[in-house]
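**Student:** Model the structure of this input:
(chains A and B)
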Amino acid sequence: MLVLVEQSLNGLQFGLLLFLLAAGLTLVFGIMDFVNLAHGSLYMMGAYFAATFVAWTNSFILGILLALGATLLLGIALEFIALRHLYGRDHLDQVLATFGLILFFNDAVRLIWGPAGLSLPLPAWLTVPVQIVPGVFYPAYRLSIIVVALAVAALLYVVVMRTRIGMLIRAGASNREMIGALGINIKLLFTLVFGLGAALAGLAGLMQAPILTVQIGMGENILILAFVIIVIGGIGSIRGAFMAAIFVGMIDTLGRAFLPDLLRMVLSSAAASTAAPALSSMLIYLLMAIVLVVRPEGLFPAAKR
Amino acid sequence: MKKAFWLAGAAILALAQPATAGDTIKIGFVSTFSGPTAVIGNDMRNSFELALDHLGRKMGGKPVEVIYEDDGQKPDVGKQKTEKLIQSDKVDFIAGYIWSNVLLASLKTAVDSKTFLISANAGPSQLAGELCSPYVFSTSWQNDQTPQAVGTYMNQKGVKSVFLIGPNYAAGKDMLAGVKSTFKGQVVGEEYTVWPSQLDFSAELTKAKNSKAESVFVFYPGAAGVQFLNQYAQAGLKGQIPLYTAFTIDELSLPLQKENAIGVPGAQQWVNDLPNAENKKFVEDYRKKFTGLRPTFYGAQSYDAANLINSAVVAVKGDTSKKDEMKAEMEKANFKSVRGPFKYGNNHIPIQNFYLQDVVKDADGQLSLKTVATIVKDDQDRFADKCPMKK
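**Tutor:** Predicted coordinates for the structure are as follows:
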């Protein structure tokens, strides 16, 4: 039972991290109708900025805040310089251009930081396991990811549902042309949304950095999961991204944790241990396929236009 | 007139000579030069280049040309690159190969074309057993051997139970099977993770912790090894459950693993401080030529691969069409290996020592690997019997 609690926490932590990445992606895709494959590069840049700034300032918190600001600025600059010219173009053009950006960022990182990758060491107070319920110890850092991501999710909810900017964002997701016609500065709104998305991706990257290493191409595998999440959750829907991210995180982690033992009941031990990781990584895509068949618009679609 | 005739004749003869007996020795080198594990490929290339420098960039009196190809850590890409090197570049030798799954995909192309393939790292069990070939040599090991040595060491330490974690691909399965074959205690759990995409090991670490195993064994080469050790420490397992490793801590991962690697033992057939003259020269010149970098076992094996090829080319005085003679020469392992002298088994896999290595602070205050003891002497892999070639 205690194992289940701990594994659920692992799943929750992974899901929340995916949510941060998917939230930015779904905003950009849903509101701006823009496919941004370079979202994973912003995740990578967040991690590289954090590793660099933490080393410079010798302070974990300060370094992370600086990195967050840097990623936000980078996102805004990227939108201003490159992506702005691609709105209204075919999705294929956007995919090609942002794929080019992935290559650009990977090589820029190779030039600046070298091919070997960086490490982002944690301060001592985050490396100790904490006892959450009697008998269950959980890494303090993973716990802090859960707390921060939940706080960000709550903040996003308040901003999107309770403020004027949020109202515009929601309106933009429902009907882009109409809010333009109503005299809203849609260019500024887009820049803002893109910057917000970049900062969220950067936050995901820098929080993941101490667990994984900071390396070139770190955003590419996880970006696929983020796309799966926005498809499951419904494009443009923050609530959908949140629910789907938790789903996907749970399925992935619990699948890895319990599928091998379940399979061992029916298969030989060797066959089960080979099949289980393959199967558990398929589960997410299976879920996506089912959602696409049953509810093609996603589980929690943004309001209809 | 007569002179012109002879000149024309000579020119035609020169043109008609087969490509294999050309004026240069052509070597193809397949490794990973892009993506997160490109650092390993770079180290292999650096070491191979250093070996060529030491050989005067000539073998058997002929200049050497090396064509490096990137497999991107993907079996299908590795196979294509192997085909390209053999069929259109017509290389005399093909070397490299970090990954067992890439090597297994590329093997048939090399063997069918009777091109000598020198594996400078990958050692899948199939290669040592039923798929062994007269045209394939290894300057590394068979995958199981290193973890077998770790298992033996764990027996010496009196470890009673172990939890095994490794990646779900050819080498991962060999590695865990290797520990199981020598470890005398109980194996309480065995987990495979998706390779190479899965980098978060929280679910596996939770299981290991709850299994109450006395120790944990892992195999995670490249950046994954850094991630695993980080997460092991963050989960509070370091210092609680002793960790044993194979190919998880090396000179490339150590600068990133830092303190997390201290006190984590591993086994290896080569360590940078092995006290033989060739090794000293290799390590010193490497650090001189590539400042700020240190050679790894991947590099040492690539350095040996160049020297093994050289021994064959010298024996036939540069005539690489004499394949049988080259094979016979390479079987003698008649070159100065940086790991010290070794012999080849019937399956062309080295019979060699395995050492216990530990992480210490060296004279420069940097973390480095150090030989502590010899775990096994003249170890032969356990698949040699399955190889139809006889000595």
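**Student:** tell me which element the nearest residue to A:Ser41 once chain neighbours are set aside falls in.
**Tutor:** Once flanking residues are discounted, A:Ser41 sits nearest to A:Phe105: 3.8 Å by CB to CB, 6 or more residues apart in numbering or on different chains. The C-beta positions use only the backbone N, C-alpha and C, and glycine is treated the same way. In the assignment (DSSP states H and E), A:Phe105 maps to helix A:91-113.
**Student:** if you average pLDDT over that helix, what comes out?
**Tutor:** Across helix A:91-113, pLDDT averages out at 93.
**Student:** Which elements pack onto that helix?
**Tutor:** When contacts are defined as 3 or more CB pairs under 8 Å, 6 or more residues apart in numbering or on different chains; DSSP states H and E, helix A:91-113 packs onto helix A:39-57.
**Student:** the helices in chain B, which residues?
**Tutor:** B:2-16, B:38-54, B:75-83, B:100-112, B:125-128, B:145-156, B:170-182, B:202-210, B:223-234, B:254-257, B:277-289, B:297-315, B:323-331 (DSSP state H).
**Student:** give the contact list for the residue nearest in space to the middle of chain B.
**Tutor:** Closest to where the C-alpha atoms of chain B average out (CA atoms, centre = their mean) is B:Asn121, at 1.6 Å. Contact analysis of B:Asn121 by CB atoms under 8 Å, 6 or more residues apart in numbering or on different chains lists B:44, B:96-99, B:140, B:298, B:301-302.
**Student:** can you confirm A:Ala272 is in a helix?
**Tutor:** Yes - A:Ala272 forms part of a helix when assessed by DSSP: H, G, I helix; E, B strand; the rest coil.
**Student:** Next to chain A, which bits of the stretch 251-391 of chain B? Give me the list.
**Tutor:** B:252, B:255-258 (CB under 8 Å from any CB of the partner chain).
**Student:** Near A:Leu126, how many other residues are there?
**Tutor:** The number of residues packed near A:Leu126 is 16, by other CB atoms under 10 Å in any protein chain shown.
**Student:** Could you pull up the contacting residues of it?
**Tutor:** A:60, A:140-141, A:144, A:210.
**Student:** would you list every one of the strands in chain A?
**Tutor:** Counting by DSSP state E, chain A has strands at residues A:129-133, A:136-139.
**Student:** Any regions of the chain where pLDDT drops low?
**Tutor:** If you meant another chain, say so; for now it's chain A. A:303-305 (pLDDT under 70).
**Student:** My question was about chain B, not that one.
**Tutor:** Within chain B, the stretches with pLDDT under 70 are B:1-22.
**Student:** how near is the residue of it found nearest chain A to B:Lys323?
**Tutor:** Residue nearest to chain A within chain B (CB to the nearest CB): B:Gly236, separated by 3.5 Å. Distance, B:Gly236 to B:Lys323, using CB to CB, to the nearest Å: 57 Å.
**Student:** and if you look at B:Phe48?
**Tutor:** Relative to B:Lys323, B:Phe48 is positioned 22 Å away (CB to CB).
**Student:** dump the residue contacts of B:Asp250.
**Tutor:** B:225, B:296-298, B:369.
**Student:** Tell me the one of those residues nearest A:Pro260?
**Tutor:** Closest to A:Pro260 out of these is B:Gly225 (22.2 Å), distances taken as CB to CB.
**Student:** Setting aside sequence neighbours, what's the nearest residue to the closest one?
**Tutor:** B:Thr248 (3.9 Å).
**Student:** correct me, but that neighbour touches B:Asn230?
**Tutor:** No - taking contacts as CB atoms under 8 Å, B:Thr248 lies outside contact range of B:Asn230: 11.9 Å.
**Student:** number of nearby residues for the residue in chain A that chain B sits nearest to?
**Tutor:** Going by CB to the nearest CB, chain B is nearest to A:Pro129 of chain A, at 3.5 Å. For A:Pro129, the count of nearby residues is 19 (other CB under 10 Å).
**Student:** OK, contacts around it?
**Tutor:** A:137-140, B:235-236 are the contacts of A:Pro129 under CB under 8 Å, 6+ apart.
**Student:** Look up how far B:Ala233 lies from it.
**Tutor:** Separation of A:Pro129 from B:Ala233 (CB to CB): 10 Å.
**Student:** what does A:Tyr157 give?
**Tutor:** From A:Tyr157 to B:Ala233 the distance is 35 Å (CB to CB).
**Student:** Can you name the residues that contact the closest residue to B:Leu205 other than its chain neighbours?
**Tutor:** Nearest residue to B:Leu205, sequence neighbours excluded (CB to CB, 6+ apart): B:Ala235, at 4.9 Å. If you count contacts by CB under 8 Å, 6+ apart, B:Ala235 has them with A:129, A:139, B:202, B:205-206, B:209.
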